[in-house]
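Colleague: next come a sequence and a model predicted from it.
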Amino acid sequence: MARKKPNPKAEFVLFNVTYQDGSQTSNRRVPSDILGGLEGDDPARAVIEDQDREIAERSGRPRGPIKEIERA
């Protein structure tokens with residue numbers, strides 16, 4: 001019997017991010033293996049903040065602080 005390939009969508013969870021200044025980004029990818037447990041989606045904030053820092057370094061334009069994150 002053939003083996004099924006893992007679902008690539010299951011490897012990441014998508015989040016919509018709202019910043020303090022009112023701007024938004026959609027479908028930010030966070031690895032699903034760091035989510036869950038007692039913290040729930042809290043670890044996603046740290047991953048998204050790391051992504052924002054990396055983007056800011058490349059673009060030269062920093063992002064504001066995150067107001068809220070929610071699963072897409």
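Modeller: Structure's in. What do you need? Residues are numbered from 1 along each chain as shown.

Colleague: all helices of the protein, in order?
Modeller: 42-59 (DSSP state H).

Colleague: where does it have low pLDDT?
Modeller: 1-2, 4-10, 38 (pLDDT under 70).

Colleague: for it, what spans make up the strands?
Modeller: Secondary structure of the chain (DSSP state E): strands at 12-19, 24-31, 66-71.

Colleague: any chance of those in a markdown table with mean neighbour count and distance to Glu49 as columns?
Modeller: (Each C-beta comes from the backbone N, C-alpha and C, glycine too.) Putting those into a markdown table (neighbours: other C-beta atoms under 10 Å; distance: least, C-beta to C-beta, whole Å) gives the following:
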| stretch | mean neighbour count | distance to Glu49 |
| --- | --- | --- |
| strand 12-19 | 17 | 10 |
| strand 24-31 | 14 | 11 |
| strand 66-71 | 14 | 7 |
